Each structure stands twice: as C-alpha cells, then as structure tokens.
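Trainee: sequence plus the predicted model coming up.
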Amino acid sequence: MSEGERFDVALVGAGRRGWAHLEMMLALPELRLVGVCDTNADRLAAVREPAGADVVTAKKLAALPTGCRPGCAVVSTMQDTLADLSCALLEAGVPVLAEVPPAYDAPSMHRMLELAERGGLALGSVENYPRTPLERLKQQLIAAGAFGRVQRAEIGGSVGHKGHEIALARHYLGVGAKPVRARGRSLAGRGFASGEGVAMPERLSGEVELDHGGVAAFELRAVDVTDRASLDQADLRSDFVAE
C-alpha cells in the first residue's frame, strides 16, 4: 500500500466479538469498512450509525453487491457457522481473518486451508494473546537465544479462552512442534456454558509432550472475564523453563 491508501475490509458478524473488530476497523485510518453482514436486523441497524451511510449492510453474504469486494473479511460469528462462511468468502476470492476456533472439526478446517492455498489467499485466525506487546517481546528474546532452548511451558488461565492459552504455549515451544502424547483431566462442578451452549467444566488440566522433547502444561479454570472479582482470583499466567 502506498502512503495515504486505504485497505478495504468487511465484517461478517456484528455481535459482541464483531463490535470489537468494528471499533478497530473504524479507528484505524489505514482501513476502510465497506460492508457488514449479520442475520440479525437489529444488529445491522445498530452498526449503520457508527459505520456511516457508505457502508453496505446485508443479512446474507449473497446479498452483498458484487461491487462490495473487500481486500479482507473478518468473520466473527458463532462457531457453528464460522467455517462455512469463511469457505464461502475464500471461494469468492476474499482473504479471511476468522475468529477462534475457526472450525469445530478437522474436515472443515482442512477445507478452509485448501481453499486458501488454491486461491493464493491469506487465511488467519484471531489469535491475539501471542500478539500482545509483552508476548511478542518474549518471542523475540526466545528466537534470539536469550534463554536457551525452552523445555517446558506452564500456562494458567481460563477454560473459556483455552485456545489462546494453547497458542501461547506453542509460541514458546515452537509453532511447528508436533504433539506425540497428551494427558488430561477435567473437574465437573460449577462450570458454565460457552456462547454456543456447549457445557464447560470448572477446571481443566493436562500436559502435552512434543516431538522435540518439550512439554506444555496447562491448569485452566472457569473464569468470568466480565467479573472483576473472578479475574482477581484467577491464576492467569504464562511461564516457561529453558535449559
């Protein structure tokens, strides 16, 4: 992009997560929001005021006009529809940044990867924990050899955000490392349900051994991220041990 040029983006899903993306899209001068898609008419109506009259809104992807062709679409819907919507965009030649988890099953994930590779398109997930400034600094120091080889990652966090905690461990131990053995246990109890209504345990713990000898250890608990007291009691941490 040349100086002053803006990158066209679209948002699919204007729920709670989608609004976080919407606010970022509107705040960054390098981005120009050109379209928003959501099946809920009330959510679309709420988007129109901050987004502006020039932004196209539609209840279905197919209803977006052909002229509304973004350079990238952020897909932030419920996970049971996320993979299908991402595949539809990739088939139309639109790069995708998908919320997590991008898919609930391996065939859907493989389909997304195949479509992206076939079309030479960018496909990414909103895995934001490893991209915070402190974590990026840790990764740079690890890559520079400041700590030696990382042997063990110990992650304490939230059951509901377990994908983010797993991503942290992978960035410490090597994203390309392959799991060879895993042990885990869960503790039923108070628990909670995910946004999709999936029952979650109160606690999850386990260890994953990797092909290079490294180990990722997790101690996760049910945490209400909207409640200050719950957050204060949570053991939210990420550490690593190097040789």
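Mentor: Everything's here; your move. Numbering: from 1, shown residues only.
Trainee: shaky segments in this protein?
Mentor: Low-confidence segments of the chain, defined by pLDDT under 70: 1-4, 65-67, 189-198, 224-234.
Trainee: OK, contacts around the most centrally placed residue in the chain?
Mentor: Centrality entry for the chain: nearest residue to the mean C-alpha point is residue 126, 2.8 Å, by Cα atoms, centre = their mean. Applying Cβ atoms under 8 Å, 6 or more residues apart in numbering, we find residue 126 in contact with 21, 74, 76, 97-100. Bear in mind the C-beta positions are built from the backbone N, C-alpha and C, glycine included.
Trainee: as a markdown table, those with secondary structure, neighbour count and distance to residue 117 would be great.
Mentor: Formatted as a markdown table, the contacts of residue 126 follow (DSSP: H, G, I helix; E, B strand; the rest coil; neighbours: other Cβ atoms under 10 Å; distance: Cβ to Cβ, whole Å):
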| residue | secondary structure | neighbour count | distance to residue 117 |
| --- | --- | --- | --- |
| 21 | helix | 21 | 25 |
| 74 | strand | 24 | 20 |
| 76 | coil | 25 | 23 |
| 97 | strand | 18 | 16 |
| 98 | strand | 27 | 15 |
| 99 | coil | 23 | 21 |
| 100 | coil | 18 | 20 |
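Trainee: in a strand, residue 212, correct?
Mentor: No - Residue 212 is assigned coil when assessed by DSSP: H, G, I helix; E, B strand; the rest coil, not a strand.
Trainee: contacts only, for it.
Mentor: Counted by Cβ under 8 Å, 6+ apart, residue 212 has contacts 173-174, 177.
Trainee: in ChimeraX, how would I select just the buried ones from these?
Mentor: To isolate the buried subset of these in ChimeraX, counting by 16 or more other Cβ atoms under 10 Å, use the following:
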select :173,177
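Trainee: among the contacts of residue 212, which one sits closest to residue 87?
Mentor: The closest of the contacts of residue 212 to residue 87 turns out to be residue 177 (Cβ to Cβ; 27.9 Å).
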